[in-house]
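Trainee: for reference, the sequence and a predicted model appear below.
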Amino acid sequence: MKLVDQSWLAATAILVLALSLPPRQAMADDAVELRLLIAAKLDSALLDAEKQSQPEQQIAVLKPAAAEALRAMTANVFVQDLLRKVEQAQSDDPRPLAKQWRNAVTEARDVLRFEPLIEAPLPVGFPKPTPVGEIRVQQYPKYRLARTDMTLMEGRAFWTLFNHIKQREIAMTAPVEMSYTPGKDGKLDKSSMSFLYRSTEQGQLEVDGKVAVVDVPAQLAVSIGLQGDATKEKVNDAKQRLEAWLQIHGDEFEPAGALRVLGYNSPFVADRKKLTEVQIPVSSKRPAAAGPR
């Protein structure tokens, strides 16, 4: 294993030990009941489909549940993609088509009932994280962060920030914020890593070697929730989805900052429980624009 990987794991181990609060499930958002209801209906349809001996009958059972999910989950682009794609699928042999339907409905169900593990408290006033697959506009209060640029290796950047908050007895929060900028090849490169303070009353604004403590003004951001780590492929896909959303909603919002990624989990958490948000800060062209869209 490379040294940078060892540094990352070691730093994360210290982080986990430093957290005084036990892991807790993320608080349910306002739409959780509807998501779980639709997930339960998809699950019930899958169970009913298993009882059917003919593939045509299986598809006939799954189609109404998928149609209901499409109507109810309009903000969830992952569910929309999965179910619309299978609706358009065609095959002369109903057996592979039935398998496609089962797979698509299963994936959509799993997206809707995903429950992340939040390992540390959010900064004061932060909204609940964006659910996986959903695109929504989030309202953030003014918050304080400690930032170091990514000319450092990622593991070393983490150590630098961790030592900063440890020396000042600043408790760890979630998420960790990563900023991205376009590279020379047009692809996104990490430009900075930041640890967020619990409140703007903690610490002070300062420059501490390679760490700058700054206050971020209150702002809006259009956000999409992802399951698992923020790989380059996932971040680029999320960026394209957010940009497409902004084109559609161009009469309401415009970009107001660089793309960023909010990571809520350490490497010790399994991908099936990890939550990541990819966001683009935006400004509103209309008043009272915050909230799910």
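Mentor: Cool, got the structure. Numbering: from 1, shown residues only.
Trainee: distance between the ends of stretch 200-217?
Mentor: 11 Å (CA to CA, to the nearest Å).
Trainee: go on, stretch 118-128?
Mentor: OK, stretch 118-128 end separation, CA to CA: 11 Å.
Trainee: what does stretch 108-119 give?
Mentor: Span of stretch 108-119 from end to end, CA to CA: 26 Å.
Trainee: what's the neighbour count on residue 56?
Mentor: 11 (other CB atoms under 10 Å). Where you see a C-beta, it was placed from the backbone N, CA and C, and this is true even at glycine.
Trainee: mind checking pLDDT for it?
Mentor: Looking at residue 56, its pLDDT is 97.
Trainee: that one is in contact with residue 95, isn't it?
Mentor: No: with contact defined as CB atoms under 8 Å, residue 56 does not reach residue 95; the gap is 9.7 Å.
Trainee: elements contacting the helix or strand where residue 166 lies?
Mentor: Using DSSP states H and E, the element containing residue 166 is helix 154-167. If contacts are counted by 3 or more CB pairs under 8 Å, 6 or more residues apart in numbering; DSSP states H and E, helix 154-167 sits against helix 3-18, strand 143-149, strand 188-196, strand 211-216.
Trainee: neighbouring contacts of the helix or strand just after it?
Mentor: Toward the C-terminal end, the helix or strand that comes next after helix 154-167 (DSSP H and E) is strand 176-182. Residues from elsewhere that reach strand 176-182, judged by CB atoms under 8 Å, 6 or more residues apart in numbering: 145, 150, 188-196, 230, 235, 258-263.
Trainee: just the buried ones from those residues, in ChimeraX syntax?
Mentor: The following ChimeraX line selects those of the contacts of strand 176-182 that are buried, judged by 16 or more other CB atoms under 10 Å:
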select :145,150,188,190,191,192,193,194,195,196,230,235,259,260,261,262,263
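Trainee: what's the least confident stretch among the helices and strands packed on helix 154-167?
Mentor: Lowest mean pLDDT within the helices and strands packed on helix 154-167: helix 3-18, a mean of 39.
Trainee: sweet, I'm off.
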